[in-house]
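Peer 1: just to be clear, the model below is a prediction. Sequence and coordinates:
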Amino acid sequence: MARKAPRHAEAARNDQALLEAARSVLAVDGAHASVATIAARAGVGIASLYRRYRSKDELFQHLCELSLEQWVRAGEHGLAHEDPWAGLAYYVTAAVEFSGGSLGPLAGSIAVTDEMAARFARSDELLGELIERAHAAGVLRPDATAMDVSLLIEQLAKSPLMQQLERQGRDDLIEAARAARRRTIAIALDGLRAGHPPLPGEAPAPELLTERWEHQP
């Protein structure tokens, strides 16, 4: 048992490094991202990677499961806030910061596993509770839906400035870029508060996001 613990810890560290690397590489290369490129960016040997995962799809499915677990934790932590607005703001901020680059480019290119589907459902459930609670408290604009918040997060998470600075190796500017993104998040959050004019058009349907994950072999 003592021998397994260090290996388990190393696997968890490698998973986190791979998840962060995959988000960065997929943001640039899309679904055609090379596993070798992701592994190199994460500092993980390609041979050891394929000893653990049988295929590129299996690796990407596992990374999606890990990513969705972060969404679930963000929702749970948001609901743990007594203040409904603070809880929703925490969720949006956390989701934008950890989903930078996101795994969205994989949508439709891999089959959705049962674990992915379960975490998708749980994440949606938690966001729905955050939205319902904020509406009940009168702090969230009444016409804002869970889909509006999800789309807002997806757009804010795409940070061309961050990606460009990372590609250029401008580590001296990364923290300033993160600070600027936090200001942008705060501006966007203010637009979700109650008291604004009605939003244009009809609320987007959930299918706008979910149907893109239908596997196209």
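Peer 2: Good, I have the coordinates.
Peer 1: A strand includes residue 215, no?
Peer 2: No - applying DSSP: H, G, I helix; E, B strand; the rest coil, one finds residue 215 to be coil, outside a strand.
Peer 1: contacts only, for it.
Peer 2: Counting by CB atoms under 8 Å, 6 or more residues apart in numbering, residue 215 makes contact with 108-112. Just so you know, the C-beta spots here come from the backbone N, C-alpha and C atoms, and that holds for glycine as well.
Peer 1: closest to residue 79 among those?
Peer 2: Minimum distance to residue 79 across the contacts of residue 215 is 25.2 Å, recorded for residue 112 (CB to CB).
Peer 1: quick one: the strands in the chain?
Peer 2: For the chain, applying DSSP state E gives no strands.
Peer 1: could you pull out the helices in it for me?
Peer 2: Taking DSSP state H as the test, the helices found in the chain are 4-29, 35-42, 46-52, 56-80, 84-98, 114-136, 146-157, 160-168, 171-190, 207-210.
Peer 1: helices or strands up against the fourth one?
Peer 2: So that's helix 56-80. With contacts taken as 3 or more CB pairs under 8 Å, 6 or more residues apart in numbering; DSSP states H and E, helix 56-80 sits against helix 4-29, helix 84-98, helix 114-136.
Peer 1: so which residue is smack in the middle of this protein?
Peer 2: What sits nearest the mean C-alpha location of the chain, by CA atoms, centre = their mean, is residue 99, with 3.1 Å.
Peer 1: isn't it right up against residue 157?
Peer 2: Yes - at 4.5 Å, residue 99 counts as touching residue 157 under the criterion of CB atoms under 8 Å.
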